[in-house]
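Engineer: coordinates for the following, if possible.
(one chain, ligands or ions: 3)
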Amino acid sequence: MNPPICGHGSGHASRRGLYAITPDDNDTARLLARVETVLAAGAAWLQYRNKAADPALRERQASALLPLCRHHRVPLIINDDWRLAAAIGADGAHLGEDDGELAAARAALPEGAILGASCYADLSLARGAAAAGADYIAFGAFFPSPTKPNARNAGLDLLRDSASLGLPRVAIGGITPDNARPLVAAGADLLAVISGVFDAADPAAAVRRYLDCFEAPASI
Ligand SMILES: Cc1ncc(COP(=O)(O)OP(=O)(O)O)c(N)n1
Ligand SMILES: Cc1ncsc1CCOP(=O)(O)O
Ligand SMILES: [Mg+2]
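Structural biologist: Ligands and ions are numbered 1, 2, ... in the order given. The predicted structure follows:
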């Protein structure tokens, strides 16, 4: 059995499920209400990502999300900025190629903090992330992403070929309830989603449909 992932505030984080990522929403009250709906519906993890906020607003929003995540026993991961994650006592940080050295973040974050790494479409990045102490590896974009239209494309083989690294595999990019099942079948443990959840007409129903993708299809 795979070991659970730690998250120092939320206890052991679930290894499978929906990894909801916040949209750029600078209205903090509205953001909290949107996230509450998504966590109550069963999202397993939350990433705070807001590319449109200044550092002060990012700190306020991330801090405001923390009690909500604690209430739902969901780990809060901070995008891009491990220092902010450490400063507010979040459960971890997610770093991409422009976000600093994984090894430095690993060394600076408290024990048990979750460190995630973007590996795009590159297995060698995943090997490097594992060696640097990442707790999960993320691949994508698997489909055209409304949020990040210029994201590079990844294929299903990456999910299969990275199984031997022994880390949870996260899939991201244009994932909808209708295209997610092959990702799970190829080995994705967590589906990381922004627009498919937060832009859905009914975000709670969308969350439930993503969770269905982790169940075996009904036999006929
Ligand atoms: C779970 C997850 N996977 C990938 C990313 C993308 O990170 P990055 O490449 O640094 O791009 P930005 O999100 O910073 O635009 C992510 N945030 N989360
Ligand atoms: C941050 C990021 N990295 C690759 S695609 C993407 C955006 C994911 O958002 P969406 O689920 O709306 O495609
Ligand atoms: Mg980043």
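Engineer: switch to C-alpha atoms for all contacts and neighbour counts from now on
Structural biologist: Noted.
Engineer: what's the local residue count around the closest residue to A151 other than its chain neighbours?
Structural biologist: Spatially, and ignoring its direct neighbours in sequence, A151 is nearest to A141 (5.9 Å; CA to CA, 6 or more residues apart in numbering). Neighbour count for A141, taken as other CA atoms under 10 Å: 22.
Engineer: residues contacting A141?
Structural biologist: A141 makes contact with 120-121, 151-154, 171-174 under the criterion CA atoms under 8 Å, 6 or more residues apart in numbering.
Engineer: for it, grab phi and psi.
Structural biologist: When read as degrees, to the nearest 10, the backbone of A141 gives phi -90, psi 130.
Engineer: same thing with Q61?
Structural biologist: Backbone torsions of Q61, given as degrees, to the nearest 10, read phi -70, psi -40.
Engineer: surely it touches T28?
Structural biologist: Yes: counting by CA atoms under 8 Å, Q61 does reach T28; the two are 6.2 Å apart.
Engineer: which parts of stretch 31-39 are buried?
Structural biologist: Neighbour-count burial for stretch 31-39, counted by 16 or more other CA atoms under 10 Å, picks out 31-32, 34-39.
Engineer: want to throw these into JSON lines with pLDDT and secondary structure?
Structural biologist: Formatted as JSON lines, the buried residues of stretch 31-39 follow (pLDDT from 0 to 100; DSSP: H, G, I helix; E, B strand; the rest coil):
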{"residue": "L31", "pLDDT": "99", "secondary structure": "helix"}
{"residue": "L32", "pLDDT": "98", "secondary structure": "helix"}
{"residue": "R34", "pLDDT": "99", "secondary structure": "helix"}
{"residue": "V35", "pLDDT": "99", "secondary structure": "helix"}
{"residue": "E36", "pLDDT": "98", "secondary structure": "helix"}
{"residue": "T37", "pLDDT": "98", "secondary structure": "helix"}
{"residue": "V38", "pLDDT": "98", "secondary structure": "helix"}
{"residue": "L39", "pLDDT": "98", "secondary structure": "helix"}
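Engineer: perfect, that will be all.
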